[in-house]
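[1] I'd like to go over a predicted model; first the sequence, then the structure.
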Amino acid sequence: MTLYLLCLFLFCVGLYGVLRKRNIVKIIVGFAIMGYAMNLFFVMLGYKMHGRSPIAAIDQQVTNMVDTVPQELVHTSIVIGLGLTALLIAIAIKIYEKCGTFDITKIKRLKG
Amino acid sequence: MPNNPLAGMSIIVKSITRIIISMVMVFGIYIVAHGHVSPGGGFAGGVIIALSFVLLMLAFGKGVATSKITKTIASNLESVGALMFLLIALSGFSGGAFFMNILAKGAPFKLFSAGTIPLYNYVLGLKVGVGLFAIYLAFVVLEKAGKRK
Amino acid sequence: MELYVLLIFMIFAAIIAIEIKDLFSSVIAVGAVGFALSLAFLILKSPDLAITQLVVELLCLIILIRATIRKDLPLVIEGRWIFNTISTLVFVAVFLFFAYTALKDLPAFGNPIMNVVKKYLEQGQAKTGAVNLATAVILDFRAYDALGEAALLFTAVIGIMAVLRSFDKDDKSEADDAE
């Protein structure tokens, strides 16, 4: 139970970064931290005490494996997080070229 | 990086990169090929192959890396990878359903077992590797355009 | 046990990444969070995820450093700072309180109700012939997820190329390159 709460506290640190920071790169860092916290939460949901990883062994019969479905969902989510971060950084670089700053309170013009 | 990042790094980095880069690529192909026997799979191996190309570009500068893989070749290879993924999936119709596993199962722990799963791993490794290198190439080409303004 | 230590390290590194003024140090702190996450995946007995998270974190760091290497921002504190910070902290506290009341209904850590994966774990090796059950689940039993992931990476590549195009008329080699 404490482990779940610590994981959600990490999510809240990322959420604070997205809501309160003025630099675009800090906002992107906040998104990345929120993604990591959620991936960790899903894998923690599927852990079985004294379980084994879901790979069979040659010489023995493995019966006590951990939950495999959250692992596969998080596998997809990690690659999606990479695509998201790359696209956000591309947009941030374009904004720096057009407006000369990373500060979101100074980006007011939509044209030019 | 205090130097110009488009011109490559010092000669120590270049010599070590010449030795290491083939090992990194072979390791990536190993993880892709053994995806159904040991941990790994198409996505992780593809990212390792992309990282070997990025190492080539970081150590030797933009000119050497784009002479080996231009932007057009990278886009075409990635599209070919995506199309082959769909073709293997559609070939499952001959077994009865979309994505059906139709090849022979084979003996466990061998390299040529588990039906169509190794084929998916190879195709995904190609697609992810070349695609992520195309992303990094787009970033580097922009930097040169930004300097000229 | 070790998960507590790793989680507290991740929280410290995340607070440093958000609060520090230098952009470069903030990116390095995010890298530390990612590597600790890879260790946490290994402790939670999923080696597939540990490999993937490690290499994806590396590529993410390279792209982030590329964006922040020569651009810095001087910090200016505007008006109404106290009110904004207090209201955000109140919102986060309310969120954590509701999360705590919702988390009490989950099964305890370490005893999941494995209803869905019973069939995958028992018949996985016999039905597909693959020994690595995580790869068998993602590429045979649930192959639509792999299709969605491949399509999403393709869209991300096309999106980045479309955003980073430049339309200069005097840059002939750039126009030929973007062809």
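    The structure has been received and is ready for your questions.

[2] With residue C:16 as the reference, measure out to the residue nearest the centre of chain B.
    Nearest to the mean C-alpha position of chain B, by CA atoms, centre = their mean, lies residue B:129 at 2.0 Å. Note on residue B:129: its distance to residue C:16, by CB to CB, to the nearest Å, is 33 Å. Every C-beta, even on glycine, is put in place using the N, C-alpha and C of the backbone.

[3] show me the contacts for residue B:14.
    B:8, B:59, B:60 (CB atoms under 8 Å, 6 or more residues apart in numbering or on different chains).

[4] switch to 10 Å and redo it
    Residues in contact with residue B:14 (CB atoms under 10 Å, 6 or more residues apart in numbering or on different chains) are B:8, B:59, B:60, B:61, B:64.

[5] I'd like to know which of those are buried.
    Buried subset of these (neighbour count, 16 or more other CB atoms under 10 Å in any protein chain shown): B:8, B:59, B:60, B:61.

[6] For those residues, which two are the farthest from each other?
    B:59 and B:61 (8.0 Å; CB to CB).

[7] anything in contact with each of those two?
    Overlap of the contact sets of residue B:59 and residue B:61 (by CB under 10 Å, 6+ apart) consists of B:8, B:9, B:14.

[8] Give me the buried positions along the strand or helix carrying the last one.
    Meaning residue B:14. Per DSSP states H and E: residue B:14 is located in helix B:11-33. Buried positions in helix B:11-33, judged by neighbour count with 16+ other CB under 10 Å: B:17, B:21, B:24, B:25, B:28, B:29, B:31, B:32, B:33.

[9] go on, stretch C:58-65?
    C:58, C:59, C:60, C:61, C:63, C:64.

[10] Which of those fall within helices?
    Applying DSSP state H to these, the entries found in helices are C:58, C:59, C:60, C:61, C:63, C:64.

[11] From the residues you listed, pick the one nearest residue B:43.
    The closest of these, once distances to residue B:43 are taken by CB to CB, is residue C:59, at 11.7 Å.

[12] Could you double-check that that closest one lies in contact with residue A:86?
    Yes - using CB atoms under 10 Å, residue C:59 makes contact with residue A:86 at a distance of 8.4 Å.

[13] and for those two, which residues touch both?
    Residues touching both residue C:59 and residue A:86 (CB under 10 Å, 6+ apart) are B:132, B:135, B:136.

[14] now the angle from the longest helix along chain B to helix B:11-33?
    In chain B, assigned by DSSP H, the helix with the most residues is helix B:117-148. The directions of helix B:117-148 and helix B:11-33 differ by 150 degrees, with axes from the mean of the first three to the mean of the last three CA atoms, to 10 degrees as the criterion.

[15] Serialize the ones in helices among the buried residues of stretch C:58-65 to a markdown table and add fields for distance to residue A:90 and pLDDT.
    Output for those, formatted as a markdown table (distance: CB to CB, whole Å; pLDDT from 0 to 100):
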| residue | distance to residue A:90 | pLDDT |
| --- | --- | --- |
| C:58 | 19 | 94 |
| C:59 | 14 | 94 |
| C:60 | 13 | 93 |
| C:61 | 16 | 94 |
| C:63 | 9 | 90 |
| C:64 | 12 | 89 |
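
[16] Make TSV from those residues and add distance to residue A:77 to it.
    Formatted as TSV, those follow (distance: CB to CB, whole Å):
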residue	distance to residue A:77
C:58	18
C:59	16
C:60	14
C:61	19
C:63	18
C:64	19
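
[17] what sits against residue C:162?
    Counted by CB under 10 Å, 6+ apart, residue C:162 has contacts A:90, B:138.

[18] actually residue C:132, not the one I wrote
    Applying CB under 10 Å, 6+ apart, we find residue C:132 in contact with A:53-56, B:34-41, B:114, B:117, C:47-48, C:124-125, C:138-139.

[19] Secondary structure element holding residue C:134?
    Assigned by DSSP H and E, residue C:134 belongs to helix C:133-136.

[20] Give me the next element, helix or strand, following that helix.
    Per DSSP H and E, the first helix or strand lying C-terminal to helix C:133-136 is helix C:143-163.

[21] quick one: average pLDDT of that following helix?
    When pLDDT is averaged along helix C:143-163, the result is 91.

[22] Report the inter-axis angle for that helix versus helix B:117-148.
    Going by the same axes, to 10 degrees, helix C:143-163 makes 20 degrees with helix B:117-148.

[23] list the buried ones in helix C:143-163?
    With burial defined by 16+ other CB under 10 Å, the residues of helix C:143-163 counted as buried are C:143, C:145-147, C:149-150, C:153-154, C:156-157, C:159-161.

[24] Using TSV, please lay out those together with distance to residue A:3.
    Listed next are the buried residues of helix C:143-163 as TSV, based on distance: CB to CB, whole Å:
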residue	distance to residue A:3
C:143	32
C:145	26
C:146	30
C:147	33
C:149	28
C:150	33
C:153	32
C:154	36
C:156	32
C:157	37
C:159	36
C:160	36
C:161	41
